[in-house]
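In: Only the shape, not the letters, is given here:
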């Protein structure tokens, strides 16, 4: 039976890399995959899923008003799998549409995204994927201290932590940092560095 999977993690955990590897595994066996990527993510070439290690693959762009179920139907092919990059940007309706792709078309859907934003709050897409996905898979990355990173800090150009602002501001490694919950609560890059050094010495 086809399932909806949500692979979630903090930033720089290799979500897009895992997505592209999954797509490759299907294609290597002669099966077709359909990739979706949000229009709002303009860090790289639009219409392409990129990974930090240099892998890439073309994808269908979607915005908040698109019906992903209808987009999948319009492609006119029987896909072995549908994969969604940056799934935190999905709307509630679009997550429901992904469940329809799985339940009505019998196609497994693999969605990859962040769980929470820089304030520690759920994105809309992540909220409903956590609620409705058949399988939840956590991809792991590490904090400065070596612990598992589950949270995200937003930084300004001077490296100071920002605690207020719009939920969605597109940026890369210079703007966001993945941390453990303990260092997320400290919310100061300088203190984070000190605490990381102390953690390494097993003082904490």
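Out: Done, it's in. Not measured: the values here are computed from a predicted model. Numbers count the residues shown, from 1 in each chain.
In: CA atoms for contacts and neighbours, from now on please.
Out: OK.
In: And the closest residue to residue 175 other than its chain neighbours, how far from residue 6?
Out: Nearest non-adjacent residue to residue 175, counting by CA to CA, 6 or more residues apart in numbering: residue 155, 4.9 Å away. As for residue 155, its distance to residue 6 is 27 Å (criterion: CA to CA, to the nearest Å).
In: These two: which is more packed in?
Out: residue 6 (25 against 21; other CA atoms under 10 Å).
In: How about the secondary structure of the more buried one?
Out: strand (DSSP: H, G, I helix; E, B strand; the rest coil).
In: same deal with the one 5 residues further on?
Out: In the three-state summary, residue 11 is assigned as coil, counting by three-state DSSP.
In: How many residues are close by it?
Out: 24.
In: which ones are touching the residue nearest to it when sequence neighbours are not counted?
Out: With CA to CA, 6+ apart as the criterion, residue 11 has its nearest non-adjacent residue at 5.8 Å, and that residue is residue 178. Listed by CA atoms under 8 Å, 6 or more residues apart in numbering, the contact set of residue 178 reads 10-12, 142-143, 149-153.
In: Regarding the most centrally placed residue in the chain, which helix or strand does it belong to?
Out: Nearest to the geometric centre of the chain sits residue 113, at 1.6 Å (CA atoms, centre = their mean). Element membership for residue 113 (DSSP states H and E) is strand 109-114.
In: Next, count neighbours for residue 77.
Out: Residue 77 has 11 nearby residues by other CA under 10 Å.
In: ok so, going back, specify the beta-bridge partners of the residue nearest to residue 11.
Out: Taking DSSP bridges as the rule, residue 178 bridges to residue 152.
In: what's the pLDDT at it?
Out: According to the prediction, residue 178 has pLDDT 90.
In: Thank you, goodbye.
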